[in-house]
Every structure is written in structure tokens, then in C-alpha cells.
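Peer 1: coordinates for the following, if possible.
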Amino acid sequence: MTEPTETENRTTSRMFPDGTGPAADPAGSHFERRIRSFQPRRSRVTTGQADALRRMWGAWGLDIDGQRVIGLDEMFGGLPVVLEIGFGMGEATARMAAADPGTGILAVDVHTPGQGNLLRLAEEHGLSNIRVANGDAIILLREMLPPESLAGLRVYFPDPWPKKRHHKRRLIQPEFLTLAAGRLRPGVVLHCATDWEPYAEQMLAELTAHPGFENTQQDGGYTPRPAFRPLTRFEGQGLDKGHTVHDLLFRRVAEFPLS
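Peer 2: Numbering: from 1, shown residues only. Got it, this is the predicted structure:
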């Protein structure tokens, strides 16, 4: 997931001045300025993406302001809900939603073009089981989701922050895993994927050591890519460069105490 630049924030404010689209900074200054796993990325919002945001955001969008606890049952009509953190342009998310209409997907990102594109795809393919959240996934997990409310969590190809001095920005850290474990129902799966070998090794080590999770792979290693996770455009680019993609599927243990 990437953090919007100041230019993108100003552009978003101009595009949706009456609240018909995602807010430029939904949480404002209500929460601490901690180290984030985001990095800036610029991209132009197309006419189609902006139109989808204006028409659909009020019903299918969520600004992560951290000011309330949301009701997932009401939002998704009682479907079990999987949280996806960082969805890019949304193609893989839309394909997973189409393949599993009995599961709701709450997809989080801060990239306005991707938000608009996912809403456009949802409308185009009649996918009523997608909702798009705008803002910091940590605030969403910590402030807005009830304990044990999620039926799964997906973190596909998060920024690897390859330089050693930036490793503290990586999302998969013990504090994040503890927070995630508290929001996942016992027995459901946290699914991570990365094409950056050192990050895959860190993910495997952190998840293996965490008391809230157990590896679904009996040998304690990585899992072959499951059929339900589509091959993404980003993943294909990595494979073309000779990268190896690793999937990690860890189950939330029932014995983990809620904080």
C-alpha cells in the first residue's frame, strides 16, 4: 500500500470537494505520526476512475477516519469478510470476488486511481461483495474493526523496503501481527505473498515465532500459490525479472488471548 503525495492529496480534494469521493486525509491529525509502511507513488486518475468514485463511493466506499467501529455484517449483508491490504489497481481483487461471491472483500489502499478502478471493475462485473476503504490499514484494524470480526487477511506484495535502514517500515512486524491476530477469527488464515526473497524470509521468521499463528504448511515452510490467488500483473513482472514468489498461509490459533 502506498501513501499519497501532497500533490495527490490536493488533487483528491479538488476532485471530490463535496464528499462524493475518498477524502484526502481521512484520519487527519487524530492519531500519532508513526513510522508507516507506505511510500509515495504518483499516477493520474482517469475519467472513468473518477466517475466510478463519484457515483459509487457513498455506497461502497469507506474513509478510514478512526472515529467509529464499523459493522461488517451490515456493510456486507452478513457475509464473512476478508480484509485485503494493498490492492494496486484491483484486478486480482475483482477476480477473487467474482470467484467467491459468498465472501465479502474489504479492500484497503490509499491510491486514488486504484480505488476508482476497483469500483469500476466491481460495477462492470456485478460484484456486490466488494467494498473499498481509503486510508491507513493500521487505524482500520486498531480503531474500527471489532475483535475476531474478520474471516481472513490478505497482504499481497507489500512494499519490501529493501534498504536495511528502511526495514522498520515493513508491514509484517510483530506489532502488526498481534493487532491482526486480535481481529481475525480463530482458525482463519493470514495470507501473505512477496517476490522479494529477504522479505519472504523475514515474514516466515516473524509468523513462525508469533504465538497467534501457526503455519498451514506441515513442513514449516512456504506454501505453493493457492488456486484462489490470481497471478497479478505485478507478480508477472517480477517473474519476468527472475524473481521467486513465496506464499505464506498462517492460521490464527484459537488459544491466542485478545488484548
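Peer 1: C-alpha from now on. contacts and neighbour counts both.
Peer 2: Fine.
Peer 1: please report phi then psi for Ile105.
Peer 2: Backbone torsions for Ile105, taken as degrees, to the nearest 10, come to phi -120, psi 120.
Peer 1: could you do Gly61 as well?
Peer 2: phi -110, psi 160.
Peer 1: if I look at it, what pLDDT would I see?
Peer 2: What the model reports for Gly61 is a pLDDT of 97.
Peer 1: and it, how many neighbours?
Peer 2: 23 (other Cα atoms under 10 Å).
Peer 1: next one: Trp161
Peer 2: 18.
Peer 1: so where's the stretch 151-259 of the chain uncertain?
Peer 2: 259 (pLDDT under 70).
Peer 1: that one: strands as residue ranges?
Peer 2: With strands called from DSSP state E, counting those that start in this stretch, the stretch 151-259 of the chain shows them at 152-156, 189-194, 213-215, 246-252.
Peer 1: dump those strands to CSV, plus mean neighbour count and distance to Leu127.
Peer 2: Output for these, formatted as CSV (neighbours: other Cα atoms under 10 Å; distance: least, Cα to Cα, whole Å):
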stretch, mean neighbour count, distance to Leu127
strand 152-156, 21, 19
strand 189-194, 23, 22
strand 213-215, 22, 31
strand 246-252, 24, 26
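Peer 1: how far does stretch 123-131 sit from its chain's centre?
Peer 2: 17 Å (Cα atoms, centre = their mean, to the nearest Å).
Peer 1: before we move on, what about stretch 57-72?
Peer 2: 15 Å.
Peer 1: one more: stretch 59-73?
Peer 2: On Cα atoms, centre = their mean, the centre of stretch 59-73 falls 14 Å from the chain's centre.
Peer 1: do stretch 60-76 as well
Peer 2: On Cα atoms, centre = their mean, the centre of stretch 60-76 falls 15 Å from that of its chain.
Peer 1: so which bits of it are buried?
Peer 2: Trp60, Gly61, Leu62, Asp63, Ile64, Asp65, Gly66, Leu72, Met75, Phe76 (16 or more other Cα atoms under 10 Å).
Peer 1: not counting its neighbours along the chain, what's nearest the fifth one?
Peer 2: This means Ile64. For Ile64, ignoring the flanking residues on the chain, the nearest one in space by Cα to Cα, 6 or more residues apart in numbering is Gly135 at 5.1 Å.
Peer 1: check contacts around the one you found.
Peer 2: Applying Cα atoms under 8 Å, 6 or more residues apart in numbering, we find Gly135 in contact with Asp25, Pro26, Ala27, Asp63, Ile64, Asp65, Val108, Asp109, Val110.
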